[in-house]
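Participant: no FASTA, just this:
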């Protein structure tokens, strides 16, 4: 089912909803230049949909959400957007945040605390952003293609995103999903792609105050976000657990969906 909620400033945020009503929600937050469609395998997994209410959001400027001209550098905006989704999903949600989505989740905790959460899962995630920020170190694949992926010239951006999408996973991703993820990237306006990086913010003070169960999932062969970003989160969040995907890339939920879903199901049931 597709629906929408109003985020900060009334911006319309698109949602995909699957699963059982009146059950604990799992909220999925995608990464930079992606959409809720990246969670296709999870939204179609009966082992999850029969136990949980799954809500996948489109960040502002992405997917089916509105594309406002500003707000992409303001932690309060991201915090309120996610708060609106959590209000829709219901209390005690487990939030699964991938890549840039980890920063959005930390923004929410920075502003609103952890009251709406029962647990959090950081997947190939950053928790801060800016030069020399340990929790936001990008890998060689991102560094290689970043400038081209921000271009508004399709002759430059399309080949860069194609190479980036191919290199994002260390293992095979179903062809249809890989193409869908490429299409999602190209559908995000270049101005939005750039705006998400116009931030410089640390998060150590937020991470050390997290008082809910946390799981950090990261591929050891992730070339988009350095594994050291996961180590940073693990070293700061009290009691955080690690799940290293050996030889895994940046999208374990796509390249190792069955394994990822089993880990997520167990964690959500324990929360």
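Facilitator: Yes, it's here. Note that this is a predicted model, so its numbers are computed, not measured.

Participant: just the buried residues of stretch 247-255, please?
Facilitator: For stretch 247-255, the buried set under the neighbour-count rule, 16 or more other Cβ atoms under 10 Å, comprises 248-255. Using the backbone N, CA and C atoms, a C-beta is placed for each residue, glycine as well.

Participant: relative to residue 224, which of those residues is nearest.
Facilitator: Of all those, residue 224 sits closest to residue 250, with 4.0 Å by Cβ to Cβ.

Participant: so which of the buried residues of stretch 247-255 are in helices?
Facilitator: 252-255 (DSSP state H).

Participant: pLDDT weak spots in this structure?
Facilitator: The model of the chain has no residue with pLDDT under 70.

Participant: dump the residue contacts of the spatially most central residue of it.
Facilitator: For the chain, the residue nearest the mean C-alpha position is residue 98 (2.6 Å; Cα atoms, centre = their mean). For residue 98, the contacting residues are 28-31, 34, 38, 123-125, 251, 253, by Cβ atoms under 8 Å, 6 or more residues apart in numbering.

Participant: again, only this time at 10 Å
Facilitator: 28-32, 34, 38-39, 104-105, 121-125, 217, 225, 250-254 (Cβ atoms under 10 Å, 6 or more residues apart in numbering).

Participant: over to it: give its phi and psi.
Facilitator: When quoted as degrees, to the nearest 10, the phi and psi of residue 98 stand at phi -110, psi 130.

Participant: residues in a beta bridge with it, which ones?
Facilitator: Judged by DSSP bridges, the bridge partners of residue 98 are residue 123.

Participant: and it, how far from residue 260?
Facilitator: Plainly put, residue 98 is 11 Å away from residue 260 if you go by Cβ to Cβ, to the nearest Å.

Participant: mind listing the strands for the chain?
Facilitator: For the chain, the strands defined by DSSP state E cover 2-6, 12-19, 25-29, 53-57, 93-98, 117-123, 214-219, 241-245.
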